[in-house]
Every structure is written in C-alpha cells, then in structure tokens.
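Colleague: My questions concern the predicted model and sequence given below.
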Amino acid sequence: MCSTKCIAIYSFSGILFLLFVYTLLSTQPFFITGINDVNVAKTSALGALGAFVGMFIISIVGICRSSRHVLSSDVIDRGAYYRLNVNLDYQMSESLS
C-alpha cells in the first residue's frame, strides 16, 4: 500500500513540474538553454506529462481498491476475533465448574 501512495506523490510532483516546464517553454523558451527545437521540447514535455497523469490515475485507483480490501478484511478479522473470545470464555467457565 505504501508503494501506491509513493507513486501517487511522485507522479503528482512530476505533473506539477512538467506543467511548469511546458508553461515556460510555451511562454518564455529563452530561459531554458540548450534546446534546439522548442516545438519538439514542448511535445516531449506533453508526452511525459501524459505519462505522469496516467501513473497518477492508476495509483489512485490502486489506493482505492486496496483501502476497500483492507476495510472488508478488517471487519471479517474483528468478527472472528470476537467469536474466538466468546468460545474461549465459554470453555474456561465450563472447565472451572
């Protein structure tokens, strides 16, 4: 479960960074040195942004699915635990009589 949360945080920070880079490339590309073709750089930034958005969506779905699974198994485990306590109390009272 920690891995999906880590991926969500990583991809969200990647989304923010690439939005900044794409905005900078679109409005003021002269601040970024070493780029030969600005259009290719903008296309690459959009492609990477799409990959990060996809990873973020998949990780959010994974977090939601795992939280449902943990919730349902927790209810089942607690029910078995209480039933186990009742059975042990009954056996103890029977052996003392």
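Modeller: On my side now, so go ahead. Here the structure is a predicted model, which is why all the values come from computation and not from measurement.
Colleague: switch to C-alpha atoms for all contacts and neighbour counts from now on
Modeller: OK.
Colleague: for Ile35, helix, strand, or coil?
Modeller: Classification of Ile35 by DSSP: H, G, I helix; E, B strand; the rest coil places it in coil.
Colleague: I'd guessed it sits against Ser44; true?
Modeller: No. Using C-alpha atoms under 8 Å as the test, Ile35 is too far from Ser44 to be in contact (11.9 Å).
Colleague: Mutual contacts of these two, please.
Modeller: Residues touching both Ile35 and Ser44 (C-alpha atoms under 8 Å, 6 or more residues apart in numbering): none.
Colleague: gap between Val21 and Ile7?
Modeller: For Val21, the distance to Ile7 equals 21 Å [C-alpha to C-alpha, to the nearest Å].
Colleague: again, but for Val40
Modeller: Distance from Val40 to Ile7, by C-alpha to C-alpha: 27 Å.
Colleague: the more surrounded of those two?
Modeller: Taking other C-alpha atoms under 10 Å, Val40 and Ile7 do not tie; Ile7 has more neighbours (17 against 11).
Colleague: what pLDDT, on average, does stretch 7-20 get?
Modeller: Averaging pLDDT along stretch 7-20 yields 96.
Colleague: Any chance you could list what contacts it?
Modeller: 45-46, 48-49, 52-53, 55-56, 59-60.
Colleague: With that, I have no additional questions.
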